[in-house]
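Visitor: requesting a structural model of the entry that follows:
(2 chains)
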Amino acid sequence: MYPHERSLVKRLAGEPFALIGVNSDKDLEALQDVLLEENITWRSFWNGPEGTSGPISTQWNVRGWPTIYILDHEGKIRFKGPRGEAMDEAVDQLLAEMKA
Amino acid sequence: MAKFRAAYQAEQDEAKRNKILEDTYPNPTDYAPRFRALATQFKGTEAGAGALIWIATSFYGDTQEATVDELLKDYKDSPLLEQVMYTLGQREDDESRVHLRSLLADSPHRNVQAGACHALALNLRGLAANTKRGEQKEALMAESRALFMRVQNDFDDVPYRGRTLGAVARAELFESDRLQIGMLAPDIEGADLNGVAFKLSDYRGKVVVLDFWGNW
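Guide: Purely as a prediction, here's the structure:
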């Protein structure tokens, strides 16, 4: 999971692209070590002390973790769920659309 | 559960990890023949239904599907059917929808009607997502929506996975109305992991992967 996201963020550095997380760990302190160890540089909202029952994931009706949404540059939901290569392809498609 | 997780995570060795897993959660395959025997011995009674429910909720795939079919055939009036409504709703064949509709209409138990109503709403939304034609897609979404509304109106207080079915249906309706492909994403306002406030809409103008994640 993390390695794939790291490589996506690295590959698209300088492009109009952002990976935004919604993190659902209850313990923010403990998470700081993970961020360093795993070199997680992208920004995340914190879902709060209730973890997976926190307000953001509850509003977005998230039932499985991880859950992925991909938005275009206008903020429209364009894909739900793609992981791995499918995620890369979806992002590339939206970047190409934006530049067309 | 917490104790299991702590022990599991502390152990680095794969084989020892698997041992902890097996000791904590016995393999259902070892017990299935016994429940099968109970189902035969007590066929037609609540105990027989209960044995089949155990099998249906302990397995996936063909075993689960065949056992759910058996329950629908032999125990259509059992209150225990509530426990397999979600599974039934995840199927894609027309026959499953026929079963859900008939349980919603005819089950003598309100909890089964409620589960069938919710599962059918989810099922039709899934069907809509796989339907290309606009008109047909719209009709499926409208029916799904009406069923989620019915859950709120008629079955609001029915317990469901630690919540109430009404609360779950409200969240599903939000997903139907605001989180479908092509819709403008709802904004998120919150704080990042350093406590700095920001909004999802700050990233308008960029392609965004929104990733609900956790380190576990």
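
Visitor: helices along chain A, start to end?
Guide: A:2-11, A:28-37, A:55-59, A:84-99 (DSSP state H).

Visitor: tell me what the longest strand belonging to chain A is packed against?
Guide: Secondary structure of chain A read by DSSP state E shows that its longest strand is strand A:17-23. The contact analysis (3 or more C-beta pairs under 8 Å, 6 or more residues apart in numbering or on different chains; DSSP states H and E) places strand A:17-23 against helix A:2-11, strand A:43-46, strand B:207-213. (C-beta placed from N, C-alpha, C; glycine too.)

Visitor: outside of the shortest one itself, list whatever touches it.
Guide: Spelled out, that is strand A:43-46. A:18, A:20-23, A:28, A:54, A:56, B:188, B:190-193, B:198, B:200, B:213 (C-beta atoms under 8 Å, 6 or more residues apart in numbering or on different chains).

Visitor: circling back to that earlier point, tell me the most buried of the helices of chain A?
Guide: helix A:55-59 (a mean of 18; mean count of other C-beta atoms under 10 Å in any protein chain shown).

Visitor: now do it: everything it contacts.
Guide: A:22, A:24, A:45, A:47-48, A:67, B:171, B:174, B:186, B:188, B:190, B:212.

Visitor: now it: how far from the chain's centre is it?
Guide: Centre-to-centre, helix A:55-59 and its host chain are 15 Å apart (C-alpha atoms, centre = their mean, to the nearest Å).

Visitor: what helix or strand is residue B:126 located in?
Guide: Assigned by DSSP states H and E, residue B:126 belongs to helix B:110-129.

Visitor: list the buried residues of that helix.
Guide: Neighbour-count burial for helix B:110-129, counted by 16 or more other C-beta atoms under 10 Å in any protein chain shown, picks out B:111-128.

Visitor: what is the mean pLDDT for it?
Guide: Averaged over helix B:110-129, pLDDT sits at 97.

Visitor: and stretch B:176-186, by the same measure?
Guide: Here the average pLDDT along stretch B:176-186 is 95.

Visitor: and that stretch, end to end?
Guide: This stretch, stretch B:176-186, spans 12 Å end to end (C-alpha to C-alpha, to the nearest Å).

Visitor: and stretch B:102-112, by the same measure?
Guide: 11 Å.

Visitor: also stretch B:172-192?
Guide: End-to-end for stretch B:172-192, by C-alpha to C-alpha: 26 Å.

Visitor: distance between it and the chain's centre?
Guide: 21 Å.

Visitor: list the buried residues in that stretch.
Guide: Per 16+ other C-beta under 10 Å, stretch B:172-192 contains these buried residues: B:172-176, B:179, B:185-186, B:188, B:190.

Visitor: and the helices in chain B?
Guide: B:2-10, B:14-24, B:28-41, B:46-58, B:61-74, B:85-89, B:94-106, B:110-129, B:134-154, B:165-178.

Visitor: tabulate those helices (JSON lines), appending distance to chain A.
Guide: Formatted as JSON lines, those follow (distance: least, C-beta to the nearest C-beta, whole Å):
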{"stretch": "helix B:2-10", "distance to chain A": "12"}
{"stretch": "helix B:14-24", "distance to chain A": "19"}
{"stretch": "helix B:28-41", "distance to chain A": "22"}
{"stretch": "helix B:46-58", "distance to chain A": "17"}
{"stretch": "helix B:61-74", "distance to chain A": "19"}
{"stretch": "helix B:85-89", "distance to chain A": "11"}
{"stretch": "helix B:94-106", "distance to chain A": "19"}
{"stretch": "helix B:110-129", "distance to chain A": "9"}
{"stretch": "helix B:134-154", "distance to chain A": "12"}
{"stretch": "helix B:165-178", "distance to chain A": "4"}
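
Visitor: how close does residue B:53 sit to residue B:178?
Guide: 35 Å (C-beta to C-beta, to the nearest Å).

Visitor: next one: residue B:209
Guide: Going from residue B:209 to residue B:178 by C-beta to C-beta gives 19 Å.

Visitor: let me see the contact set for the closest residue to residue B:124 other than its chain neighbours.
Guide: Nearest residue to residue B:124, sequence neighbours excluded (C-beta to C-beta, 6 or more residues apart in numbering or on different chains): residue B:144, at 4.0 Å. Contact analysis of residue B:144 by C-beta under 8 Å, 6+ apart lists B:121-122, B:124-125, B:128, B:176.

Visitor: that concludes my questions; thank you for your assistance.
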